[in-house]
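J.: have a look; sequence and predicted model below, questions after that.
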Amino acid sequence: MPRTIFGLLLFSLFFLPAACQPLTQPESTSQAVSLPLASPSVALPFSPPKTPMPQTSSTPEKSMTLEQKIGQVMIIGFDGTTVNPELRRLISDYHIGGVILFARNVESPTQVAALTNELQKIALESGHPGLFIAIDQEGGRVARLTEATGFTEFPSAMALTATGDPQNARLMAVAMAAEMRAVGINVNFAPDLDVNNNPINPIIGIRSFSSDPAKVVEYGLAYAQGLQENGVLAFGKHFPGHGDTSVDSHIDLPLVPHDRARLDQIELVPFRAAIAADIAGIMSAHVTFPAFDPTPGMPATLSRLVLTGLLREELGYDGLIVTDSLEMGALVANGYSPPVSAPLALAAGADLLLFNRDHPMHIATFKNLVQAVRQGKIPQEQLNDSVRRILQAKERFGLLNPVAVQVESAAVNAKSVEHLALSRELAQKSITLLRDPRGLLPLEASRPPLLLEPAVMRDLARSLGLGGTIFLIENQPRVSQIADVVHAARDGRTVIVPVHDLSLNTQQLKLIQALVEAGSPVIVLAHRNPFDAALLPDEVTVLVSYGFNPPARAALAAVLLGQIQPGGILPVTLP
């Protein structure tokens, strides 16, 4: 069958009349740009589907089998950098609607492009719509596509806000979307719309744009627009808000105890704006909110009061709701394994269920979902609504019958000179000098510094290329290590100390205090948590970089050596 006819058949099979409008910016930012849905021009020689989904004129979800519908709501991870037989079977026989890529799946742009082409080929030849191919590529420390594997790394969300111009968030997202599209990735689980105003939050931090809801809106929507105007679905996270937590939901279940009035003023502000701007998707948080659902220990991901009552009905959102990964400790440690939590999340109002690795678990969960629908625990009409949204989003972004990406040119498009230059420029604009009371900047060329290197930053600190002496310390320096550092700095050399989460790593703070008491000149690099600055002695110089990836390190080195002046603006209010 000619490819053009096959494409028309798939289009007629899955086309849904949609009232979607492109994501727009708030009035304070630039005017919206229409969302281009054009795909690369070269198509793979896909064969006609062997067992096509039933055809209807406008509501294909109602003619699909129950198993086909359940498959479409699942997004799964896998091991390796090629398609294994189990993954192939899950896509072809279990009708899986999407996959998520992690760092373990990435070797190079050409490898990723070939992988995504094969994944899409399997789906289409099995008679299914094209796949969501998703990734967590926020910028900063959450990046699966790295410079070591041939992609461009970009600054964090908070670094973008520190530049003082929301257009920088859009420009960065445009470049990121181009690299993702070049290798066949069409969904980014970003931006992070959490308002991070908790100094001891162990998981969000610089992933948030700001502690100010208005700034999160301004920069978060610009970021989402940059993705969506370039054909990548943006998913704001983590609804209703993970910013004011002190527990990592990867480990256990956090609780946000605030009343409804406070949540309306802070946490919900960015999500309301994203809904008004027609963001493609919203990711739920494995966090409990008694003000929304008083059930003790009820995560938002599993709460019908939160996902349906609040997000769907009260806030009026009709885009895609995806869960955070159902293998995370916040659920599993509290008795909700993925086969248990998945039916609960779907019943609560989620459209897409996100899983990590483990194909036997995926199959067990699939069977539990089918059984839950047959037993009436999940209404058939609600499942139809979820599948409608999924197919509608795939149609809107040209994913029902996606064409192949150019494998040969993937490397050039993924790490272009222009993208690298943009990454470095944005990082340089973000570096924030909070204080320099002793005039230690720039470093004196004649006096090489003493650079401390915590265990979590082995070989990273030395990559600053400052010269001088590298002194290895533990994340929590022992008393003997502190004494050794003070002794090594007795000659008056400037000591450079990268710190992270001083409220948790209190020995780092004791080390800095000991150096100050000994009269040593100290420059502190706050790379993970800008709130650390509030704990530091007044005598130290404080530079905030909002990350320590390649662009942040290059920018820090340029500031320390006096090649550029730091002009960033602190995006959080220090306590």
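T.: Thanks, I have the structure now. Numbering: from 1, shown residues only.

J.: correct me if wrong, but residue 498 is in a helix.
T.: No: when DSSP: H, G, I helix; E, B strand; the rest coil is applied, residue 498 is found to be strand, with no helix at that position.

J.: state the phi and psi torsions of the closest residue to it other than its chain neighbours.
T.: Spatial nearest neighbour of residue 498, chain neighbours left out: residue 525 (4.4 Å); criterion: Cβ to Cβ, 6 or more residues apart in numbering. Just so you know, the C-beta spots here come from the backbone N, C-alpha and C atoms, and that holds for glycine as well. Dihedral angles of residue 525 (phi, psi; degrees, to the nearest 10) stand at phi -100, psi 110.

J.: touching, residue 525 and residue 497? I think so.
T.: Yes: the pair formed by residue 525 and residue 497 meets the contact definition of Cβ atoms under 8 Å, at 6.9 Å.

J.: of those two, who's got more company?
T.: Using other Cβ atoms under 10 Å as the criterion, residue 525 and residue 497 rank with residue 525 on top: 28 against 25.

J.: ok, that one to residue 544 distance?
T.: Here residue 525 is placed at a distance of 8 Å from residue 544 (Cβ to Cβ, to the nearest Å).

J.: helices of the stretch 1-150 of the chain, start to end?
T.: Listed in chain order, the helices of the stretch 1-150 of the chain (DSSP state H, counting those that start in this stretch) span 3-14, 66-72, 85-93, 109-125.

J.: to clarify, my last question referred to the stretch 201-350 of the chain.
T.: For the stretch 201-350 of the chain, the helices defined by DSSP H, counting those that start in this stretch cover 213-228, 260-265, 268-276, 304, 329-332, 338-348.

J.: for the stretch 251-400 of the chain, what are the low-confidence residue spans?
T.: Applying pLDDT under 70 to the stretch 251-400 of the chain flags no residue at all.

J.: nope, the chain is what I meant
T.: In the prediction, the chain carries residues with pLDDT under 70 at positions 1-58.

J.: can I see the domain layout of it?
T.: With automatic domain parsing as the criterion, the domains of the chain are listed as 24-414, 427-560.

J.: dump those to a markdown table, plus distance to residue 420.
T.: Output for the domains of the chain, formatted as a markdown table (distance: least, Cβ to Cβ, whole Å):
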| stretch | distance to residue 420 |
| --- | --- |
| domain 24-414 | 6 |
| domain 427-560 | 9 |
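
J.: which one's the longest strand in this structure?
T.: The strand that spans the most residues within the chain, counting by DSSP state E, is strand 233-239.

J.: so that one versus helix 268-276, what angle?
T.: With axes from the mean of the first three to the mean of the last three Cα atoms, to 10 degrees as the basis, strand 233-239 and helix 268-276 are set at 150 degrees to each other.

J.: so which elements touch strand 233-239?
T.: Contacts of strand 233-239 with other secondary structure elements, assessed using 3 or more Cβ pairs under 8 Å, 6 or more residues apart in numbering; DSSP states H and E, are made with strand 187-188, helix 213-228, helix 268-276, strand 281-284, strand 320-322.

J.: contact partners of that strand?
T.: Where contact means Cβ atoms under 8 Å, 6 or more residues apart in numbering, the residues beyond strand 233-239 that reach it are 23, 132, 173, 186-194, 220, 223-224, 227-228, 249, 270-271, 274, 279-287, 300, 306, 311, 320-322, 324, 393, 397.

J.: show me where the stretch 351-500 of the chain has helices.
T.: 359-374, 380-396, 410-414, 417-430, 479-488.

J.: closest to residue 145 out of these?
T.: For the helices of the stretch 351-500 of the chain, distance to residue 145 was read as Cβ to Cβ. The smallest value, 7.5 Å, belongs to helix 410-414.

J.: give me the contacts around that closest one.
T.: 108-110, 112-113, 145, 150-152, 178-179, 182-183, 406.

J.: and those, which two are furthest apart?
T.: Taking Cβ to Cβ as the measure, the contacts of helix 410-414 span a maximum distance of 17.9 Å, between 152 and 406.

J.: neighbour count for these two, which is higher?
T.: In terms of neighbours (other Cβ under 10 Å), residue 152 is the more surrounded of residue 152 and residue 406; the figures are 26 against 17.

J.: how near is the residue of the chain positioned farthest from its centre to residue 450?
T.: Here the centre of the chain is the reference, and by Cα atoms, centre = their mean the most remote residue is residue 491, at 44.5 Å. Distance check for residue 491 against residue 450: by Cβ to Cβ, it reads 9 Å.

J.: who touches both of those two?
T.: Going by Cβ under 8 Å, 6+ apart, no residue sits against residue 491 while also sitting against residue 450.

J.: for residue 566, what are its contacts?
T.: Taking Cβ under 8 Å, 6+ apart, we find residue 566 in contact with 431, 432, 433, 543, 559.

J.: I'd like those residues as a markdown table, with neighbour count and distance to residue 465 appended.
T.: Output for those, formatted as a markdown table (neighbours: other Cβ atoms under 10 Å; distance: Cβ to Cβ, whole Å):
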| residue | neighbour count | distance to residue 465 |
| --- | --- | --- |
| 431 | 26 | 16 |
| 432 | 24 | 21 |
| 433 | 16 | 20 |
| 543 | 25 | 16 |
| 559 | 23 | 13 |
